[in-house]
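*Asks:* Take this sequence and fold it.
(one chain, ligands or ions: 1)
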Amino acid sequence: MTDSAERVIVVSGGSRGIGRAICTALSAPGRMVHFNYNRNLDAARTTAAAIEAAGGQARFEEVDVASESAVADYLNAILKASGRIDVLVNNAGITRDGLLVRMKEADWDAVLDVNLKGTFNCMKVAAKAMMKQRYGRIINISSVVGVSGNPGQANYVASKAGIIGLTKAVARELASRNITVNAVAPGYIDTDMTGDLNDSAKAAIIAEIPLGRIGKPEEIAGVVAFLASPAADYITGQTIHVSGGMYM
Ligand code: NAP
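*Replies:* Below you'll find the predicted structure:
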């Protein structure tokens, strides 16, 4: 499949931040970009406009990726309408930070359910269609902290480390069907998720980044677009760190 061929793309959590940048980067004439979101309809409309400005067609829906049945209904409806899913990007993610000894069970469960189980839920349905097609590109958004660890984020770090293992297992399962499965591990990226940091916290983070600045959503989206492109056809099971050198 070439870059210019008609493609059906699905991005989870496309309404804001990195997800919006990914939707925009994957949009082009001939592409159908489906994305879901949690509750932010206005933001979803802004993403749809960006997809269309880049020449693609946008379709969006409110779907909780943590719900296996909601994800199955959503993706099966896309398959019914479009006949295929070529690219799946599992980007939806949340944080509920706190120290281990004070972490509530509900906060552990919420983060694991959205970040890790959500990725499993989406891959499970899309992979069946990709196996029939004998083509698919799956890109999972992990995090640098899934490899380095981070105090105060036991739930989030566990979910992001889990995504790396899940990516490798599924890459091995699906490789014979010409389906690649890779992860992208962003460092600190300027989005709502990191927006709460005060200036001194930001300065402390920047001091840990060899390239000396916080990243932009477009810098993650560019790597996702590469992994979805024919240039990456021989790459699977990998985690690409896009963190300004935070992890080497
Ligand atoms: P963000 O600005 O908070 O956006 C999160 C997106 O996920 C939104 O579109 C949100 O929808 C959606 N979402 C949340 N819960 C969902 C659910 N249950 N079902 C479906 N969609 C849901 O976050 P971001 O910074 O762009 O992060 C995107 C991904 O990159 C996440 O997986 C995050 O862990 C990862 N990441 C981010 C950074 C960073 O520094 N920003 C670093 C490493 C990794 P609504 O708009 O409706 O809420």
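
*Asks:* now could you export just the CA positions of the worst-scoring helix or strand of the chain on mean pLDDT as CSV?
*Replies:* None of the helices or strands of the chain scores lower by mean pLDDT, DSSP states H and E than helix 199-207, at a mean of 92. Output in CSV follows, covering the C-alpha atoms of helix 199-207 (Å, rounded to 0.1, in the frame of the first residue of the first chain):
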residue,chain,number,x,y,z
ASP,A,199,7.0,27.6,36.0
SER,A,200,9.4,26.1,38.5
ALA,A,201,8.2,22.6,37.8
LYS,A,202,8.6,23.3,34.1
ALA,A,203,12.1,24.6,34.6
ALA,A,204,13.0,21.5,36.6
ILE,A,205,11.8,19.3,33.8
ILE,A,206,13.6,21.3,31.1
ALA,A,207,16.8,20.9,33.0
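
*Asks:* how about that helix: buried residues?
*Replies:* Residues of helix 199-207 classed as buried by neighbour count (16 or more other CB atoms under 10 Å): residue 205. In short, each C-beta sits where N, CA and C put it, glycine included.

*Asks:* going on from that helix, what's the next piece of helix or strand?
*Replies:* helix 217-228 (DSSP states H and E).

*Asks:* What residues of that next one count as buried?
*Replies:* In helix 217-228, counting by 16+ other CB under 10 Å, buried: 217, 219, 220, 221, 223, 224, 225, 226, 227, 228.

*Asks:* outside of stretch 66-78, which residues touch it?
*Replies:* 8, 10, 34, 36, 59, 61, 63-65, 85, 110, 113-114, 117-118, 121-122, 124-126, 129 (CB atoms under 8 Å, 6 or more residues apart in numbering).

*Asks:* Give me the phi and psi angles of residue 233.
*Replies:* Main-chain torsions, residue 233, degrees, to the nearest 10: phi -60, psi -20.

*Asks:* I figured it hits residue 180, correct?
*Replies:* Yes - using CB atoms under 8 Å, residue 233 is in contact with residue 180, at 7.2 Å.

*Asks:* Who has more neighbours out of those two?
*Replies:* Taking other CB atoms under 10 Å, residue 233 and residue 180 do not tie; residue 180 has more neighbours (22 against 13).

*Asks:* and the closest residue to the more buried one other than its chain neighbours, helix, strand or coil?
*Replies:* Computed as CB to CB, 6 or more residues apart in numbering, the closest residue to residue 180 that is not its neighbour in sequence is residue 236, at 4.0 Å. Here residue 236 is coil, with the state taken from DSSP: H, G, I helix; E, B strand; the rest coil.

*Asks:* Many thanks, I have nothing further to ask.
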